[in-house]
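Q: Need a 3D model of the following:
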Amino acid sequence: MKKGILMIAAVGAMLFTSCKDNSNASEKVKAENVETAAERDAQATVYPEISFEEAEHDFGNIPKGEEVEHTFQFTNTGKAPLVITNASSSCGCTVPTYPKNESIQPGETREMVVKFDGSGKGQVTKTVTLDANTEAGKERIRIKAFVESDENAS
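A: You can find the predicted model right below:
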């Protein structure tokens, strides 16, 4: 019983003595560390920006089943390197080809080719979604065409 009381007293003494002098903790922070942290945090909020020459392309009238393609030009207009990790379309009839996991520096221009196989009929609009390290995380471009039916394709 005496050992238990002594142990509790020792633990209590360590708790009370270890907590003293924490009232001046803010005075112990070095000014240079605060400046370094502020610079790091400012850099963490800088994102690349992707700017397309055109965000939508219209192929016009195309015969059903005809394969067409368009090259989209884009530029990194941000202040950090741009990386596109994926590009997917709203259906299997549209296939994007993009610079995979390539670091595109600010001011650099690249191309993305989008192929469409002319499926469907009538007015068709397809969306290509890019996953990138931009602030939004996703960017979108569109293609559209009027797919003529077999009767109109004469």
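
Q: what's the following helix or strand after the helix or strand bottoming out on mean pLDDT in the chain?
A: Least confident helix or strand of the chain, by mean pLDDT, DSSP states H and E, is helix 31-44 with a mean of 68. The first helix or strand that comes after helix 31-44 along the chain, using DSSP states H and E, is strand 50-52.

Q: how far out from the middle of the chain is that next one?
A: Chain-centre distance of strand 50-52: 13 Å, with Cα atoms, centre = their mean, to the nearest Å.

Q: residues of it that come out buried?
A: For strand 50-52, burial by neighbour count (16 or more other Cβ atoms under 10 Å) applies to 50, 52. For the C-beta atoms, the positions are set from N, CA and C on the backbone; glycine is no exception.

Q: Quick check: neighbours of that strand in the sheet, parallel or antiparallel?
A: As defined by DSSP bridges, the strand partners of strand 50-52 come to strand 68-76 (antiparallel).

Q: The partner strand: what's the following helix or strand?
A: Later in the chain than strand 68-76, the nearest helix or strand by DSSP H and E is strand 84-89.

Q: Extract the C-alpha trace of that following strand and format it as PDB.
A: What follows is strand 84-89 as a C-alpha-only set of coordinates in PDB (Å, rounded to 0.1, in the frame of the first residue of the first chain):
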ATOM      1  CA  ILE A  84      -1.800  15.400 -66.300                       C
ATOM      2  CA  THR A  85      -2.300  12.000 -64.600                       C
ATOM      3  CA  ASN A  86      -5.400  10.800 -66.600                       C
ATOM      4  CA  ALA A  87      -7.700  11.800 -69.400                       C
ATOM      5  CA  SER A  88     -11.000  10.000 -69.900                       C
ATOM      6  CA  SER A  89     -14.000  10.400 -72.100                       C
END
